[in-house]
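Asker: got a predicted structure plus its sequence, pasted below:
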Amino acid sequence: MKRITVALLAVFVVSNSYSQADTSFNIWMWTTGLHQLHDGLTIKNYGFTLGAGRPSIPGPTLRVKQGQKVRLDVRNQSQGAPHTIHLHGLDVDQANDGVPATSFVIPHKETKQYEFVATHAGTYLYHCHVASVLHVQLGMYGSFIVEPKDREAAPGYFYGRDFNLLMSEADKSWFDNKPKHSTGDSVHAKFNLPIYEPDYFFVNGQSQQQIDTLMARSDENVFIRLSNVGYFENLVQFPAGLTATLITSDGRPLPTKKTIDSLYLTPGERYGVMLSPLGSTQRSIKINYLHMFTGKQVHAEEVVFGIDETLPVEATAQQTSIRTYPNPVLDVLTIENSFVQPVEFAITSMLGRTVLQGSIESSKQVIDINHLESGTYVLKVGTISSSIVKK
Amino acid sequence: MKLIKIIGILVFSLQLSQLSYASIIHQKIVLNKGQLLTVDSVQVPYYAFNADTVFGQTNERLKIVIGDSLVLSVINHTADVQEFVLTDFSINRTIAAGATEQVTLHALKAGIHIYSAGKSGKQIDFWGAAGMLIITNQSDAVKSTFYWNLKDFESQKVLQLDSGKSVDWSTYYPDYFMVNGLGKDQLVGDAASNVKGAVGESILIMLTNTGNVNHSIHFHGYHCLAQEVTSNRVQKGCSKDTFPLEAGDGLILLLVPDKPGFYPVHDHNLIAVSGGGKYPNGIFMVLDIK
């Protein structure tokens, strides 16, 4: 009897800890992507989506607030290949580390959870750690951003707007002729590695004319988040005439804040650079891609700033988070959110059928879902997805 | 005034305590040529500095504390004239085949340095003969310490060099990436490279890049403090989970684990986790924290 009580208590603690996550993401993993390149060609990529969808490169940028307890509900929809999520730099415990040999894998058509607390503000990565060299190259990566309180990127360094630049490359031959291991081999199997000579060089999965212009006000400090998840080195050159101050790396403030005109990033590194207000001059950041073995510059891309004085002062680059409770829910679901304007929501079944939709008008809104059948659903609020369980 | 005197006495006492440990260390290293056994059981010509005339593919580690004087005898056990280079101490000696050179250096401050055989510039380093010289303070000398000497080579170019041919370095594409002369499976159970420790313990990890390409070493589970740096890329005192190492760089990292578990550490240029064209055969270690 005592054992049963302890077991029940353990189940309660686990389920209760899941329901207490401050923010959650419903992530699906796929091997059926079709990523559009700047020259009109496409590559068949692996990747992540929020809820059902077709993955592109990179996966969605996940943003949370510093101190939040985070849950990732991760479903593998990959046609056979096992996958994981490694939370690169977030210093999670072994169980949530996403390494097949020491954590767990997520087999096809299964859903598992990762849980952790986002203790340090900063820029991080997430990526699959199964046959990493292959699955990362094929697109299974994205940025994970832990936003600081009050837009203070490091003590005394405040920003009005932040932009995330995630660099990577693609060797098209790896996508066209995937090395063996792509369809469900043992996660521990060794496999032959092709020569890596990339022919596409990405900033947030885009290159050349695809690259988004970074829109900002002329009078605000701009915080640039830089990450490299490729297998080349990056040399980032900042616009002349602006003060670029290197303030953070790998989610921690640097001991010496240095004014720089350029910065190297090796694979897996992240840096935070504060730019002084842009003013009215046209400016851009140049990103050079250097071969790791010869040091040669192989390619360069340019990220252009645009000025828009109609942008709200101190807006964030992307929206923030939602919190839903209780979860599992019997009849009434409460959605707390930090959206500043009304936003649409939709609840869909696991088969993709929309069962309820509407508009959220306040930061704390109650929704009656008593009429829904028991099961797991995807709640989408604006751009953010989360899974809910109806009792 | 009294306070200044007390501070003066304390500083003097500290200096005295350091000097009281100072000693003259005599050490010998032997430059050998042999056959490196790769992770996939291929043999390639290789050089290394060893403790004696028996070839081993892991270079000797020279470790002294601040205040020590190191009297190092370097024996050239190869058939050719070689050099011994310790750039950070302005040491560059030519050593005839079979001859011995003695160098002396004084350890004035903590840091990590690379010694190598530099006769043919890049080429002899490329063949393996490069190791680490570590200077620590007395308190660090007793901490749990682990060593990662990173190297890379392209086997075809090694064979070309060994047969006296010239090599086109502009096409360099290494096929082996090693730690202490060993690839991933060879590293299993290697006490020098696989970190064992406990929660709350101060653990030191000594890194050098004695290869020819840049590396990017990523820690799972933890950030480490860059305690000493021989690098333009890493700030002393910074806390990171991914450390760049240019060829020739060195780092002394302090790891104080806050939780138990097994966590990998690997090159995040994931091509460098390969060996002999297979993945994963390269730079991949494990932290085992109780």
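Answerer: Cool, got the structure. In this text, all values refer to a predicted model and were calculated from it rather than measured experimentally. Numbering: from 1, shown residues only, chains lettered A, B, ... in the order given.
Asker: any idea how far A:Glu220 is from chain B?
Answerer: A:Glu220 sits 27 Å away from chain B, going by C-beta to the nearest C-beta, to the nearest Å. C-beta: built from backbone N, CA, C; applies to glycine.
Asker: how would you label that residue: helix, strand or coil?
Answerer: Three-state assignment for A:Glu220 (DSSP: H, G, I helix; E, B strand; the rest coil): coil.
Asker: which residues touch B:Ile289?
Answerer: B:Ile289 makes contacts with B:195-199, B:221, B:257, B:259-263, as judged by C-beta atoms under 8 Å, 6 or more residues apart in numbering or on different chains.
Asker: farthest-apart pair in those, please.
Answerer: Spanning the widest gap among the contacts of B:Ile289 are B:Lys196 and B:Lys259, at 15.2 Å by C-beta to C-beta.
Asker: beta-bridge partners for residue 73, please?
Answerer: Since no chain was named, I'll use chain A. Applying DSSP bridges to A:Asp73 gives these bridge partners: A:Asn26, A:Gln113.
Asker: correction: the question concerned chain B.
Answerer: Counting by DSSP bridges, the residues bridging with B:Ser73 are B:Lys28, B:Gln102.
Asker: swap in the one 10 residues further on?
Answerer: Each beta-bridge partner of B:Glu83 is listed here, defined by DSSP bridges: B:Thr94.
Asker: shaky segments in the stretch 1-150 of chain B?
Answerer: Applying pLDDT under 70 to the stretch 1-150 of chain B picks out residues B:1-21, B:119-126.
Asker: neighbours of the residue in it that chain A sits nearest to, how many?
Answerer: Residue of the stretch 1-150 of chain B nearest chain A, by C-beta to the nearest C-beta: B:Asp40 (9.2 Å). The local packing of B:Asp40 (other C-beta atoms under 10 Å in any protein chain shown) involves 16 other residues.
Asker: also B:Lys151?
Answerer: Quick note: B:Lys151 (other C-beta under 10 Å) scores 29 neighbours.
Asker: just to revisit the earlier point, mind listing which of the contacts of B:Ile289 are in strands?
Answerer: The strands, defined by DSSP state E, take in B:195-197, B:261-263 from the contacts of B:Ile289.
Asker: how about the residues you listed in TSV, adding neighbour count and pLDDT?
Answerer: Compiled in TSV, the ones in strands among the contacts of B:Ile289 are given as follows (neighbours: other C-beta atoms under 10 Å in any protein chain shown; pLDDT from 0 to 100):
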residue	neighbour count	pLDDT
B:Val195	23	97
B:Lys196	14	97
B:Gly197	19	98
B:Gly261	20	98
B:Phe262	16	97
B:Tyr263	24	98
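Asker: what about chain A: which of the residues you listed touch it?
Answerer: Applying C-beta under 8 Å from any C-beta of the partner chain, the subset of the ones in strands among the contacts of B:Ile289 adjacent to chain A comprises B:261-263.
Asker: about what we covered before: of the contacts of B:Ile289, closest to chain A?
Answerer: Distances from chain A to the contacts of B:Ile289, taken by C-beta to the nearest C-beta, are shortest for B:Gly261, at 3.2 Å.
Asker: the nearest residue to B:Asp140 once chain neighbours are set aside bridge partners, please.
Answerer: Once flanking residues are discounted, B:Asp140 sits nearest to B:Leu204: 6.1 Å by C-beta to C-beta, 6 or more residues apart in numbering or on different chains. Taking DSSP bridges as the rule, B:Leu204 bridges to B:Thr145, B:Leu254.
Asker: what does A:Thr49 give?
Answerer: Counting by DSSP bridges, A:Thr49 is bridged to A:Trp28.
Asker: returning to what we had before: let's have the contacts of B:Ile289 in TSV, adding distance to B:Glu246.
Answerer: What follows is the contacts of B:Ile289, written out as TSV (distance: C-beta to C-beta, whole Å):
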residue	distance to B:Glu246
B:Val195	23
B:Lys196	29
B:Gly197	28
B:Ala198	33
B:Val199	33
B:Gly221	25
B:Pro257	27
B:Lys259	31
B:Pro260	33
B:Gly261	31
B:Phe262	29
B:Tyr263	25
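Asker: which bits of the stretch 101-250 of chain B sit near chain A?
Answerer: B:169-174, B:212-216, B:218, B:220-223, B:233, B:235-242, B:244.
Asker: test for you: state the pLDDT assigned to the residue in the stretch 201-350 of chain A positioned nearest to chain B.
Answerer: For the stretch 201-350 of chain A and chain B, the shortest gap (C-beta to the nearest C-beta) falls at A:Gly268, measuring 3.1 Å. A:Gly268 is assigned 98 on the pLDDT scale.
Asker: that one - nearest residue in space that isn't next to it in sequence?
Answerer: In space, and not counting its chain neighbours, A:Gly268 is closest to B:His268: 3.1 Å by C-beta to C-beta, 6+ apart.
Asker: show me the contacts for A:Leu87.
Answerer: A:96-98, A:114, A:116, A:124, A:126, A:144 are the contacts of A:Leu87 under C-beta under 8 Å, 6+ apart.
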